[in-house]
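# what would the 3D arrangement of this be:
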Amino acid sequence: MFLEPPVRDMFQRFIFLGLIAAFALSLQAQELPDKQRSLAGRFAQLEQILLRLAETSEASNPRQATLLRKALLESKDKLLVQRFETLVNTLERRQFSDAITGQASIEQDLLLLLQLLESVDRDISREREKAAIQEMLRELEEILQNERILRNQTQQQDLQNLPAMEREQRDIRMQAQALLENIAEHEGTPLRNETSEPSDSQDSQPQDSQPQDSQPQDSQPQDSQPQDSQPQDSQPQQQQREPSPSQQAMERAIERMREVEERLREAEREGAIEEQEEAIAELQRVREELEKILRQLREEELMQTLEKLEARFKRMLQQEQGIRAQTERLMNEAAGELAADQRQIKIRADRLGVEQQSVIEDAEAALMLLREDGTAQAMVESLLQARFDMMEAKKRLEQTMLDAITLHIEDAIIDALQEMLEAIQQAIEEARERQENEDNQEEQQGEGAMAEEPLIQILAELRMIRSMQRRVNERTTRYDDEIKRVLEGPDPDLSPFKQAVEELARQQNRISRILHEIRIGRIR
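This next block holds a predicted model:
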């Protein structure tokens, strides 16, 4: 069959263009592995940079080092470097569909890693803010103490000592003024002019006289200046934030201190004492506001940690439940399979061991979060206990020990993870309730040092301790039965039990130590 010349020309042109396009795609396909290899190398360098940053900041900023190591651990957990290298091989084999799927998966994990690194910045910023507020509180306590001492002296001493007390009050006011400037700078709010002017007691007279002297000079030739200056002054005031409650209370305290100086100068002791009481009350309001900010920062930090733990424990529990179901299924299959099919059983058991290792790595990351917080000691111990069981389950799966003991260990892991997840979810609910009832909490807050809210409340900790003790008891009974069975054999060897029994003793000792710390009040 022959084509007409126009049709043939069109068909040839189409084939020619197709060949050109195929050639261009071929060139691009040759470049893609090189570009992917370059990205893989750059990401490997990024991991090295994260490691160096963590090492160099270990001494100066241990929290930042911990957070950077956490990001590096996430990268290692997800095998990002290895997956980049796999993509290079996939592109070299021209398996573009698989490469697109792998690239999309890596892109998603890179976004999650970026979010984690951004959270590192937020955590560092929060820690700096907490340190700054704690320093302000320390300075405020010193001012409060000095003002109380001066108030007591004013009540007790005679009139001849009033000039010395006036000078002392001026020194306290200057200290309060410096703290006010720190608060305003930290919060990015403006200072009122009257609180930022020089502190000499004679300054009030020229301040009052200056407007009276300047009015005749400004009234005739400079009538337009006040009109022009008003919008210029109002614009920055509109752009700037309003003074915070802590700043306003500190400004009022400073004004009271000025009044104290005036009263002492005029030998009005009773009036000075009243002003000192008001100044002390305002300083206490400043303390309440700063402590409120600290509580909010702590709650934000708690909520972030709890949400991370909840997500990780949910994933661990889901994985462990899947491993347990597959272990039971494999055990039943192994009991009915022929000897020739045992190789497949071994391969599938090894895969379960790999999945168990993934759960272990998640547990180690969760332990890092819990240890960083430092308040949930019972949960740390419970997770350590569960991690030991995970390692024992992994070893038994790799050895194809598919029996009731392996299932019992996996059941213990699931029980522990469920209990810890419930405690975390309860802590999240309690944290949300505290945020909703912040006003009531402020009223209940005393004048003493503000206590940090623990990650997990004491009742949840005690429930976990009870469950840990139950698991220790069950494991003790199981080890006793297994050891008796071994001793009844022809050639007893108890060495396989050595590490397990030592770990059991460590767990029992740690439970006793945690209970002792709760009893003496070290753990709230």
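# does residue 427 sit in a helix or strand, and which one?
Under the criterion DSSP states H and E, the helix or strand holding residue 427 is helix 404-436.
# same for that helix, what does it pack against?
helix 269-336, helix 377-398, helix 458-487 (3 or more C-beta pairs under 8 Å, 6 or more residues apart in numbering; DSSP states H and E). From N, CA and C alone the C-beta is placed, and that goes for glycine too.
# now the last one: buried residues?
By neighbour count with 16 or more other C-beta atoms under 10 Å, helix 458-487 contains the buried residues 460, 461, 463, 464, 465, 467, 468, 471, 472, 475.
# how about the residues you listed in JSON lines, adding pLDDT and distance to residue 88?
What follows is these, written out as JSON lines (pLDDT from 0 to 100; distance: C-beta to C-beta, whole Å):
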{"residue": "460", "pLDDT": "74", "distance to residue 88": "48"}
{"residue": "461", "pLDDT": "75", "distance to residue 88": "49"}
{"residue": "463", "pLDDT": "78", "distance to residue 88": "50"}
{"residue": "464", "pLDDT": "78", "distance to residue 88": "46"}
{"residue": "465", "pLDDT": "82", "distance to residue 88": "50"}
{"residue": "467", "pLDDT": "81", "distance to residue 88": "48"}
{"residue": "468", "pLDDT": "80", "distance to residue 88": "47"}
{"residue": "471", "pLDDT": "82", "distance to residue 88": "46"}
{"residue": "472", "pLDDT": "83", "distance to residue 88": "49"}
{"residue": "475", "pLDDT": "80", "distance to residue 88": "47"}
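# can you tell me which of those residues is nearest residue 508?
residue 472 (5.6 Å; C-beta to C-beta).
# let's verify residue 94: helix, strand, or coil?
Using DSSP: H, G, I helix; E, B strand; the rest coil, the three-state assignment for residue 94 comes out as coil.
# tell me the pLDDT of it.
The predicted local distance difference test score for residue 94 is 78.
# check residue 330 too.
The confidence metric pLDDT takes the value 90 at residue 330.
# tell me the contacts of it?
When contacts are counted by C-beta atoms under 8 Å, 6 or more residues apart in numbering, residue 330 touches 345, 348, 349, 352, 402.
# before we move on, what about residue 316?
Contact criterion C-beta under 8 Å, 6+ apart gives 359, 362, 363, 366, 417 as the residues in contact with residue 316.
# grab the nearest non-local neighbour of the second one.
This points to residue 362. By the measure of C-beta to C-beta, 6 or more residues apart in numbering, the closest residue to residue 362 outside its immediate chain neighbours is residue 316, 4.9 Å from it.
# and the helix holding residue 427, how far out from the chain middle?
Average the C-alpha atoms of helix 404-436, do the same for its chain, and the two points are 20 Å apart (C-alpha atoms, centre = their mean, to the nearest Å).
# okay, buried residues for that helix please.
For helix 404-436, burial by neighbour count (16+ other C-beta under 10 Å) applies to 406-407, 409-410, 412-414, 416-417, 419-421, 423-424, 426-428, 430-431, 434.
# next, the contact list for residue 257, please.
147, 169, 172, 173, 176, 275, 279.
# before we move on, which element is the third one in?
With secondary structure defined by DSSP H and E, residue 172 is part of helix 162-187.
# who are the packing partners of that helix?
Under the contact definition 3+ C-beta pairs under 8 Å, 6+ apart, helix 162-187 sits against helix 96-156, helix 193-196, helix 245-265, helix 269-336.
# quick one: mean pLDDT over the following helix or strand past the last one.
Under the assignment DSSP H and E, the closest C-terminal helix or strand after helix 269-336 is helix 342-373. Per-residue pLDDT over helix 342-373 has a mean of 86.
# how much does helix 342-373 deviate in direction from helix 377-398?
Interaxial angle, helix 342-373 versus helix 377-398 (axes from the mean of the first three to the mean of the last three C-alpha atoms, to 10 degrees): 160 degrees.
# and helix 342-373, what does it pack onto?
Helices and strands touching helix 342-373, by 3+ C-beta pairs under 8 Å, 6+ apart, are helix 62-77, helix 269-336, helix 377-398.
# ok, now with 10 Å
Helix 342-373 is packed against helix 62-77, helix 269-336, helix 377-398, helix 404-436, with contacts defined by 3 or more C-beta pairs under 10 Å, 6 or more residues apart in numbering; DSSP states H and E.
# give me the angle between the third one and helix 458-487.
Per the same axes, to 10 degrees, the angle that helix 377-398 makes with helix 458-487 is 30 degrees.
# on that earlier part again, could you dump the helices and strands packed on helix 342-373 to CSV with distance to residue 246?
As requested, those are arranged in CSV below (distance: least, C-beta to C-beta, whole Å):
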stretch, distance to residue 246
helix 62-77, 26
helix 269-336, 4
helix 377-398, 34
helix 404-436, 20
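# can you say which of those helices is nearest to residue 109?
Checked against C-beta to C-beta, the stretch from these lying closest is helix 62-77, at 8.5 Å.
# pull out the buried positions in the closest one.
64, 65, 66, 67, 68, 69, 70, 71, 72, 73, 74, 75.
# just name the closest of these to residue 134, please.
Proximity to residue 134 was ranked across these by C-beta to C-beta; first place goes to residue 64, at 17.8 Å.
# for the stretch 151-300 of the chain, which spans come out with low pLDDT?
158-159, 190-241 (pLDDT under 70).
# then the stretch 351-500 of the chain?
Judged against pLDDT under 70, the low-scoring parts of the stretch 351-500 of the chain cover residues 373-375, 438-457.
# quickly note the distance from the residue nearest to residue 285 when sequence neighbours are not counted to residue 280.
Distances taken as C-beta to C-beta, 6+ apart place residue 249 nearest to residue 285, at 4.1 Å, with adjacent residues excluded. Here the criterion is C-beta to C-beta, to the nearest Å. By it, residue 249 lies 12 Å from residue 280.
# give me the more crowded residue out of the two.
residue 249 (23 against 18; other C-beta atoms under 10 Å).
# give the contact list for that one.
The neighbours of residue 249, taking C-beta atoms under 10 Å, 6 or more residues apart in numbering as the test, are 180, 183, 243, 281-290.
# would you mind checking these for buried ones?
Buried residues within the contacts of residue 249, counting neighbours by 16+ other C-beta under 10 Å: 180, 183, 243, 282, 283, 285, 286, 287, 288, 289, 290.
# same list, the contacts of residue 257, but as JSON lines with distance to residue 255 and neighbour count please.
Formatted as JSON lines, the contacts of residue 257 follow (distance: C-beta to C-beta, whole Å; neighbours: other C-beta atoms under 10 Å):
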{"residue": "147", "distance to residue 255": "14", "neighbour count": "26"}
{"residue": "169", "distance to residue 255": "13", "neighbour count": "30"}
{"residue": "172", "distance to residue 255": "13", "neighbour count": "24"}
{"residue": "173", "distance to residue 255": "10", "neighbour count": "24"}
{"residue": "176", "distance to residue 255": "10", "neighbour count": "28"}
{"residue": "275", "distance to residue 255": "9", "neighbour count": "24"}
{"residue": "279", "distance to residue 255": "9", "neighbour count": "29"}
